[in-house]
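Enquirer: Here is a sequence with its predicted model. Questions after.
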Amino acid sequence: MTRQTPFISILLMLLMPSLVLGNWHKGGAAIMGTRISVEIWHEDNTTAKHAIEAVLDEFRRIDRALSPYIEESELFRVNRDADKQRTSISQEFFDLLERSLAYSQLTDGAFDITFASIGYHYDFRKGIRPSEDVIGNALPLINYRLIRLDTDSRTVAFAQEGVRIDLGGIAKGYAVDRGIGILQRLGIEHALISAGGDSRLLGDHRGRPWHIGIQAPRNKEALAAVLPLSETAVSTSGDYERFFERDGVRHHHIISPKTGRSAGELRSVTILGPNTTHTDALSTSVFVLGLKEGLALINRLDDVEAVIIDNQGKMHMSKGMEDLRPSSAEN
Ligand code: ADP
Ligand code: MG
(Lines give C-alpha, C1' and ligand atoms only; values in the text may rest on other atoms or scores of the structure.)
(Ligands and ions follow the chains in the order given, each with its own letter.)
Protein backbone atom coordinates (compact mmCIF):
# COMPACT_ATOMS: atom_id res chain seq x y z
CA MET A 1 0.00 0.00 0.00
CA THR A 2 2.73 2.47 1.00
CA ARG A 3 4.26 2.27 -2.46
CA GLN A 4 1.08 3.79 -3.86
CA THR A 5 1.18 6.89 -1.66
CA PRO A 6 3.22 9.15 -4.00
CA PHE A 7 0.87 8.30 -6.84
CA ILE A 8 -2.13 9.26 -4.69
CA SER A 9 -0.50 12.58 -3.69
CA ILE A 10 0.16 13.45 -7.31
CA LEU A 11 -3.38 12.57 -8.18
CA LEU A 12 -4.67 14.76 -5.36
CA MET A 13 -2.52 17.67 -6.52
CA LEU A 14 -3.88 17.30 -10.03
CA LEU A 15 -7.40 17.37 -8.61
CA MET A 16 -6.70 20.30 -6.28
CA PRO A 17 -7.66 23.18 -8.59
CA SER A 18 -11.16 21.83 -9.00
CA LEU A 19 -11.41 20.99 -5.32
CA VAL A 20 -10.65 24.51 -4.09
CA LEU A 21 -12.94 26.16 -6.63
CA GLY A 22 -16.09 24.95 -4.93
CA ASN A 23 -17.60 23.74 -1.73
CA TRP A 24 -20.65 22.08 -0.33
CA HIS A 25 -22.79 24.37 1.80
CA LYS A 26 -25.57 23.24 4.11
CA GLY A 27 -28.39 25.00 5.92
CA GLY A 28 -31.71 24.18 7.46
CA ALA A 29 -34.59 25.21 9.68
CA ALA A 30 -37.79 23.84 11.20
CA ILE A 31 -40.64 25.08 8.99
CA MET A 32 -44.04 23.64 7.98
CA GLY A 33 -43.88 21.29 10.93
CA THR A 34 -40.80 19.51 9.63
CA ARG A 35 -37.06 19.77 9.15
CA ILE A 36 -36.10 21.61 5.96
CA SER A 37 -32.57 21.09 4.73
CA VAL A 38 -30.73 22.61 1.82
CA GLU A 39 -27.39 21.43 0.48
CA ILE A 40 -25.69 23.14 -2.45
CA TRP A 41 -22.42 23.18 -4.26
CA HIS A 42 -21.08 26.65 -5.02
CA GLU A 43 -17.76 28.41 -5.48
CA ASP A 44 -18.65 31.44 -3.47
CA ASN A 45 -19.56 31.34 0.24
CA THR A 46 -21.64 34.52 0.23
CA THR A 47 -23.73 33.50 -2.76
CA ALA A 48 -24.25 30.05 -1.26
CA LYS A 49 -25.44 31.49 2.06
CA HIS A 50 -27.75 33.88 0.24
CA ALA A 51 -29.18 31.03 -1.85
CA ILE A 52 -29.88 28.87 1.20
CA GLU A 53 -31.58 31.77 3.01
CA ALA A 54 -33.69 32.55 -0.07
CA VAL A 55 -34.92 28.95 -0.16
CA LEU A 56 -35.75 28.94 3.56
CA ASP A 57 -37.56 32.29 3.21
CA GLU A 58 -39.66 30.82 0.42
CA PHE A 59 -40.66 27.95 2.74
CA ARG A 60 -41.62 30.49 5.41
CA ARG A 61 -43.71 32.46 2.93
CA ILE A 62 -45.55 29.35 1.75
CA ASP A 63 -46.13 28.23 5.34
CA ARG A 64 -47.68 31.62 6.19
CA ALA A 65 -50.05 31.24 3.22
CA LEU A 66 -51.00 27.57 3.57
CA SER A 67 -50.84 26.73 7.25
CA PRO A 68 -54.18 25.58 8.68
CA TYR A 69 -53.04 26.84 12.11
CA ILE A 70 -52.04 30.42 11.27
CA GLU A 71 -55.14 32.63 11.48
CA GLU A 72 -53.77 35.08 8.92
CA SER A 73 -53.11 32.36 6.34
CA GLU A 74 -55.05 32.28 3.12
CA LEU A 75 -56.05 28.68 3.81
CA PHE A 76 -57.39 29.58 7.25
CA ARG A 77 -59.51 32.38 5.72
CA VAL A 78 -60.88 30.05 3.04
CA ASN A 79 -61.80 27.41 5.64
CA ARG A 80 -63.56 30.09 7.69
CA ASP A 81 -65.48 31.76 4.84
CA ALA A 82 -65.81 29.62 1.71
CA ASP A 83 -68.72 27.51 2.99
CA LYS A 84 -70.70 30.75 3.48
CA GLN A 85 -69.63 32.96 0.57
CA ARG A 86 -67.48 33.01 -2.56
CA THR A 87 -64.01 33.91 -1.37
CA SER A 88 -61.33 35.75 -3.35
CA ILE A 89 -57.93 34.08 -3.36
CA SER A 90 -54.45 34.71 -4.78
CA GLN A 91 -53.48 33.29 -8.15
CA GLU A 92 -50.91 31.05 -6.46
CA PHE A 93 -53.52 29.57 -4.10
CA PHE A 94 -56.00 29.20 -6.96
CA ASP A 95 -53.40 27.31 -9.02
CA LEU A 96 -52.63 24.97 -6.12
CA LEU A 97 -56.32 24.23 -5.63
CA GLU A 98 -56.64 23.49 -9.35
CA ARG A 99 -53.67 21.13 -9.21
CA SER A 100 -55.09 19.41 -6.14
CA LEU A 101 -58.42 18.87 -7.90
CA ALA A 102 -56.56 17.45 -10.90
CA TYR A 103 -54.96 14.84 -8.58
CA SER A 104 -58.38 14.01 -7.17
CA GLN A 105 -59.57 13.28 -10.69
CA LEU A 106 -56.43 11.34 -11.59
CA THR A 107 -56.67 9.15 -8.46
CA ASP A 108 -60.41 8.69 -8.50
CA GLY A 109 -60.76 10.67 -5.28
CA ALA A 110 -57.96 9.01 -3.26
CA PHE A 111 -56.21 12.38 -3.12
CA ASP A 112 -58.76 14.78 -1.71
CA ILE A 113 -57.91 17.97 0.17
CA THR A 114 -61.41 17.97 1.73
CA PHE A 115 -60.18 15.00 3.85
CA ALA A 116 -59.69 17.86 6.34
CA SER A 117 -63.46 17.99 6.95
CA ILE A 118 -62.69 15.05 9.24
CA GLY A 119 -58.91 15.41 9.43
CA TYR A 120 -59.02 18.57 11.52
CA HIS A 121 -60.66 16.62 14.35
CA TYR A 122 -57.42 14.66 14.84
CA ASP A 123 -54.62 15.75 17.12
CA PHE A 124 -51.83 13.21 16.73
CA ARG A 125 -49.62 14.73 19.38
CA LYS A 126 -52.39 14.55 21.96
CA GLY A 127 -53.71 11.18 20.71
CA ILE A 128 -57.14 12.66 19.89
CA ARG A 129 -59.33 11.26 17.12
CA PRO A 130 -62.88 12.00 15.99
CA SER A 131 -65.74 9.98 17.49
CA GLU A 132 -67.78 7.60 15.32
CA ASP A 133 -70.57 10.21 15.33
CA VAL A 134 -68.30 12.95 14.06
CA ILE A 135 -66.92 10.66 11.33
CA GLY A 136 -70.41 9.60 10.29
CA ASN A 137 -71.71 13.17 10.07
CA ALA A 138 -68.68 14.64 8.34
CA LEU A 139 -67.96 11.82 5.86
CA PRO A 140 -70.22 13.31 3.13
CA LEU A 141 -68.19 16.54 3.41
CA ILE A 142 -65.08 14.72 2.14
CA ASN A 143 -65.71 15.20 -1.54
CA TYR A 144 -63.53 17.31 -3.80
CA ARG A 145 -66.54 18.00 -6.04
CA LEU A 146 -67.83 20.32 -3.30
CA ILE A 147 -64.97 22.72 -4.11
CA ARG A 148 -66.14 25.24 -6.70
CA LEU A 149 -63.45 27.30 -8.36
CA ASP A 150 -64.31 30.23 -10.59
CA THR A 151 -61.49 31.31 -12.87
CA ASP A 152 -62.97 34.66 -13.96
CA SER A 153 -63.54 36.01 -10.47
CA ARG A 154 -60.62 33.96 -9.02
CA THR A 155 -62.75 32.77 -6.14
CA VAL A 156 -63.49 29.54 -4.32
CA ALA A 157 -66.70 28.39 -2.68
CA PHE A 158 -67.62 25.19 -0.82
CA ALA A 159 -70.98 23.74 -1.82
CA GLN A 160 -71.81 22.58 1.73
CA GLU A 161 -71.44 23.98 5.18
CA GLY A 162 -68.63 22.46 7.22
CA VAL A 163 -66.30 21.57 4.33
CA ARG A 164 -62.65 22.12 5.23
CA ILE A 165 -59.50 21.77 3.15
CA ASP A 166 -55.84 21.12 3.95
CA LEU A 167 -52.91 21.13 1.54
CA GLY A 168 -50.61 19.01 3.73
CA GLY A 169 -50.47 16.31 1.04
CA ILE A 170 -48.97 18.61 -1.59
CA ALA A 171 -47.67 21.81 0.05
CA LYS A 172 -44.22 20.58 1.04
CA GLY A 173 -43.60 19.15 -2.41
CA TYR A 174 -44.71 22.45 -3.92
CA ALA A 175 -42.40 24.39 -1.60
CA VAL A 176 -39.43 22.16 -2.53
CA ASP A 177 -40.12 22.82 -6.23
CA ARG A 178 -40.27 26.58 -5.57
CA GLY A 179 -36.95 26.32 -3.72
CA ILE A 180 -35.33 24.39 -6.58
CA GLY A 181 -36.61 27.10 -8.96
CA ILE A 182 -34.81 29.74 -6.90
CA LEU A 183 -31.55 27.75 -6.99
CA GLN A 184 -31.83 27.21 -10.74
CA ARG A 185 -32.29 30.93 -11.34
CA LEU A 186 -29.13 31.54 -9.30
CA GLY A 187 -27.25 29.21 -11.65
CA ILE A 188 -26.72 26.45 -9.08
CA GLU A 189 -26.24 23.03 -10.67
CA HIS A 190 -25.83 20.63 -7.74
CA ALA A 191 -28.26 20.78 -4.86
CA LEU A 192 -30.57 18.87 -2.58
CA ILE A 193 -33.62 20.32 -0.87
CA SER A 194 -35.53 18.13 1.51
CA ALA A 195 -38.63 18.81 3.58
CA GLY A 196 -39.35 15.79 5.74
CA GLY A 197 -40.33 13.08 3.29
CA ASP A 198 -40.08 15.22 0.16
CA SER A 199 -36.73 15.74 -1.55
CA ARG A 200 -35.57 17.01 -4.88
CA LEU A 201 -32.10 16.66 -6.34
CA LEU A 202 -30.67 19.19 -8.72
CA GLY A 203 -27.98 17.52 -10.82
CA ASP A 204 -25.76 14.86 -9.27
CA HIS A 205 -23.38 14.88 -6.30
CA ARG A 206 -20.49 16.14 -8.47
CA GLY A 207 -19.76 13.11 -10.60
CA ARG A 208 -21.53 10.63 -8.32
CA PRO A 209 -25.20 10.02 -7.62
CA TRP A 210 -26.84 11.22 -4.42
CA HIS A 211 -27.82 8.42 -2.05
CA ILE A 212 -31.36 8.73 -0.79
CA GLY A 213 -32.49 6.40 1.98
CA ILE A 214 -35.98 5.02 2.41
CA GLN A 215 -36.73 4.81 6.12
CA ALA A 216 -37.61 1.38 7.53
CA PRO A 217 -41.19 1.96 8.72
CA ARG A 218 -40.86 0.02 11.98
CA ASN A 219 -37.25 0.78 12.92
CA LYS A 220 -36.21 4.41 13.30
CA GLU A 221 -32.53 3.48 13.15
CA ALA A 222 -32.70 1.50 9.91
CA LEU A 223 -33.15 2.11 6.22
CA ALA A 224 -35.33 -0.18 4.12
CA ALA A 225 -33.37 0.75 0.99
CA VAL A 226 -30.85 3.20 -0.41
CA LEU A 227 -31.41 4.61 -3.89
CA PRO A 228 -28.62 6.14 -5.98
CA LEU A 229 -30.31 9.09 -7.71
CA SER A 230 -29.61 12.28 -9.64
CA GLU A 231 -31.78 15.08 -11.01
CA THR A 232 -35.01 13.70 -9.66
CA ALA A 233 -37.71 14.19 -7.07
CA VAL A 234 -38.57 11.65 -4.39
CA SER A 235 -41.37 11.65 -1.81
CA THR A 236 -42.19 9.16 0.89
CA SER A 237 -45.50 8.90 2.73
CA GLY A 238 -45.47 6.70 5.80
CA ASP A 239 -47.73 5.64 8.64
CA TYR A 240 -44.90 6.28 11.13
CA GLU A 241 -44.63 10.08 10.82
CA ARG A 242 -47.60 11.27 12.84
CA PHE A 243 -49.59 8.55 14.56
CA PHE A 244 -50.82 7.04 17.79
CA GLU A 245 -52.14 3.59 18.61
CA ARG A 246 -55.44 2.86 20.33
CA ASP A 247 -56.93 -0.60 20.88
CA GLY A 248 -54.49 -2.14 18.43
CA VAL A 249 -55.37 0.33 15.66
CA ARG A 250 -52.77 2.68 14.29
CA HIS A 251 -54.26 6.12 13.73
CA HIS A 252 -52.08 8.19 11.43
CA HIS A 253 -52.23 11.28 9.26
CA ILE A 254 -53.17 9.82 5.86
CA ILE A 255 -56.94 9.57 5.64
CA SER A 256 -58.94 7.46 3.24
CA PRO A 257 -61.70 9.70 1.81
CA LYS A 258 -63.96 6.65 1.51
CA THR A 259 -63.91 5.74 5.20
CA GLY A 260 -62.77 8.93 6.94
CA ARG A 261 -60.20 6.78 8.77
CA SER A 262 -56.45 6.22 8.43
CA ALA A 263 -55.56 4.18 5.36
CA GLY A 264 -54.33 0.83 6.67
CA GLU A 265 -53.03 -1.28 3.80
CA LEU A 266 -49.46 0.02 3.55
CA ARG A 267 -46.60 1.19 5.74
CA SER A 268 -44.82 3.42 3.28
CA VAL A 269 -44.93 4.62 -0.29
CA THR A 270 -42.00 6.23 -2.07
CA ILE A 271 -42.54 7.89 -5.43
CA LEU A 272 -39.79 8.99 -7.83
CA GLY A 273 -40.60 11.54 -10.51
CA PRO A 274 -39.74 14.82 -12.22
CA ASN A 275 -40.84 17.25 -9.49
CA THR A 276 -41.86 17.11 -5.83
CA THR A 277 -45.35 18.60 -6.27
CA HIS A 278 -46.10 15.53 -8.39
CA THR A 279 -44.31 12.96 -6.20
CA ASP A 280 -45.77 14.41 -2.97
CA ALA A 281 -49.37 14.28 -4.20
CA LEU A 282 -48.84 10.81 -5.66
CA SER A 283 -47.17 9.33 -2.56
CA THR A 284 -50.18 10.33 -0.47
CA SER A 285 -52.53 9.06 -3.20
CA VAL A 286 -50.88 5.65 -3.58
CA PHE A 287 -50.84 5.27 0.20
CA VAL A 288 -54.62 5.67 0.16
CA LEU A 289 -55.15 3.52 -2.95
CA GLY A 290 -53.26 0.55 -1.53
CA LEU A 291 -50.96 -1.91 -3.28
CA LYS A 292 -52.94 -3.12 -6.27
CA GLU A 293 -54.63 0.09 -7.34
CA GLY A 294 -51.65 2.20 -6.35
CA LEU A 295 -49.17 0.18 -8.44
CA ALA A 296 -51.62 0.13 -11.35
CA LEU A 297 -51.79 3.94 -11.27
CA ILE A 298 -48.00 4.34 -11.14
CA ASN A 299 -47.46 1.80 -13.94
CA ARG A 300 -50.00 3.67 -16.04
CA LEU A 301 -48.17 7.02 -15.63
CA ASP A 302 -44.93 7.21 -17.60
CA ASP A 303 -43.07 9.81 -15.52
CA VAL A 304 -43.10 8.13 -12.08
CA GLU A 305 -41.89 4.99 -10.28
CA ALA A 306 -42.79 3.58 -6.87
CA VAL A 307 -41.31 1.57 -3.99
CA ILE A 308 -44.05 0.36 -1.68
CA ILE A 309 -43.75 -1.39 1.69
CA ASP A 310 -46.93 -3.26 2.62
CA ASN A 311 -48.23 -3.91 6.12
CA GLN A 312 -46.30 -7.18 6.32
CA GLY A 313 -43.04 -5.32 5.65
CA LYS A 314 -42.73 -6.69 2.11
CA MET A 315 -41.32 -4.43 -0.58
CA HIS A 316 -42.99 -3.97 -3.98
CA MET A 317 -41.78 -1.98 -6.97
CA SER A 318 -43.27 -0.46 -10.09
CA LYS A 319 -42.22 -1.87 -13.48
CA GLY A 320 -39.56 0.71 -14.28
CA MET A 321 -37.75 0.23 -10.94
CA GLU A 322 -36.31 -3.14 -12.00
CA ASP A 323 -32.99 -1.66 -13.18
CA LEU A 324 -32.71 0.59 -10.12
CA ARG A 325 -33.31 -2.33 -7.74
CA PRO A 326 -32.66 -0.87 -4.28
CA SER A 327 -30.44 -2.64 -1.75
CA SER A 328 -32.91 -3.87 0.79
CA ALA A 329 -32.57 -4.25 4.54
CA GLU A 330 -35.14 -4.14 7.29
CA ASN A 331 -38.69 -3.02 6.62
P1 ADP B 1 -45.88 14.11 5.23
O2 ADP B 1 -44.66 14.35 4.42
O3 ADP B 1 -46.52 15.33 5.82
O4 ADP B 1 -45.81 12.94 6.15
P5 ADP B 1 -47.55 12.98 3.14
O6 ADP B 1 -47.11 13.36 1.80
O7 ADP B 1 -47.51 11.59 3.53
O8 ADP B 1 -46.90 13.91 4.17
O9 ADP B 1 -49.02 13.54 3.30
C10 ADP B 1 -49.71 13.45 4.52
C11 ADP B 1 -50.52 14.69 4.68
O12 ADP B 1 -51.45 14.79 3.59
C13 ADP B 1 -51.37 14.67 5.92
O14 ADP B 1 -50.71 15.22 7.03
C15 ADP B 1 -52.55 15.52 5.50
O16 ADP B 1 -52.24 16.89 5.67
C17 ADP B 1 -52.68 15.25 4.03
N18 ADP B 1 -53.66 14.19 3.67
C19 ADP B 1 -54.08 13.14 4.42
N20 ADP B 1 -54.94 12.37 3.75
C21 ADP B 1 -55.10 12.94 2.53
C22 ADP B 1 -55.86 12.61 1.37
N23 ADP B 1 -56.65 11.54 1.30
N24 ADP B 1 -55.76 13.45 0.28
C25 ADP B 1 -54.97 14.55 0.32
N26 ADP B 1 -54.23 14.91 1.39
C27 ADP B 1 -54.27 14.11 2.48
MG1 MG C 1 -47.50 13.40 -0.04
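Expert: Done, it's in. Just so it is clear, the model here is predicted, and its values are computed rather than measured. Ligands and ions are numbered 1, 2, ... in the order given.

Enquirer: From now on I want contacts and neighbour counts done on CA atoms only, so please keep to that.
Expert: Noted.

Enquirer: what about the longest helix in the chain?
Expert: helix 45-66 (DSSP state H).

Enquirer: Can you pull out the low-pLDDT segments for the stretch 51-200 of the chain?
Expert: Residues of the stretch 51-200 of the chain meeting the criterion pLDDT under 70: none.

Enquirer: now with 90?
Expert: 124-125 (pLDDT under 90).

Enquirer: Just list the residues touching the residue of it found nearest ligand 2, thanks.
Expert: Using C-alpha to the ion, the closest approach of the stretch 51-200 of the chain to ligand 2 is made by Gly169 at 4.3 Å. Taking C-alpha atoms under 8 Å, 6 or more residues apart in numbering as the criterion, Gly169 is in contact with Ile113, Asp280, Ala281, Thr284.

Enquirer: Which of the helices or strands spans the single nearest residue of the chain relative to ligand 2?
Expert: Residue nearest to ligand 2 within the chain: Asp280 (3.5 Å; C-alpha to the ion). Secondary-structure element containing Asp280, defined by DSSP states H and E: helix 276-289.

Enquirer: Mind giving me the packing neighbours of that helix?
Expert: helix 91-106, helix 171-185, strand 198-202, strand 233-238, strand 266-273, helix 291-300 (3 or more C-alpha pairs under 8 Å, 6 or more residues apart in numbering; DSSP states H and E).

Enquirer: Of these, which is nearest ligand 1?
Expert: Taking C-alpha to the nearest ligand atom, strand 233-238 is the member of the helices and strands packed on helix 276-289 nearest to ligand 1, at 3.4 Å.

Enquirer: follow-up on the earlier one: let me know whether the residue of the chain closest to ligand 2 touches Gly173 as I believe.
Expert: Yes. Contact status for Asp280 versus Gly173: in contact at 5.2 Å, counting by C-alpha atoms under 8 Å.

Enquirer: residues shared between the contacts of these two?
Expert: In contact with both Asp280 and Gly173: Asp198, Ser235, using C-alpha under 8 Å, 6+ apart.

Enquirer: Secondary structure class of the residue of the stretch 51-200 of the chain closest to ligand 2, three-state.
Expert: Secondary structure, DSSP: H, G, I helix; E, B strand; the rest coil: Gly169 is coil.

Enquirer: okay, now the nearest residue to Phe59 once chain neighbours are set aside: neighbour count?
Expert: Spatial nearest neighbour of Phe59, chain neighbours left out: Ala175 (5.9 Å); criterion: C-alpha to C-alpha, 6 or more residues apart in numbering. By other C-alpha atoms under 10 Å, the residues close to Ala175 number 26.

Enquirer: so who does His121 touch?
Expert: Contacts of His121 (C-alpha under 8 Å, 6+ apart): Ile128, Arg129, Pro130.

Enquirer: So the last one: helix, strand or coil?
Expert: Recorded secondary structure, Pro130: coil (three-state DSSP).

Enquirer: In this structure it contacts Ile118, no?
Expert: Yes. Under the criterion of C-alpha under 8 Å, Pro130 makes contact with Ile118 at 7.4 Å.

Enquirer: Look at those two and report which has more neighbours.
Expert: Ile118 (27 against 17).

Enquirer: and the more buried one, backbone torsions?
Expert: Backbone torsions for Ile118, taken as degrees, to the nearest 10, come to phi -110, psi -40.
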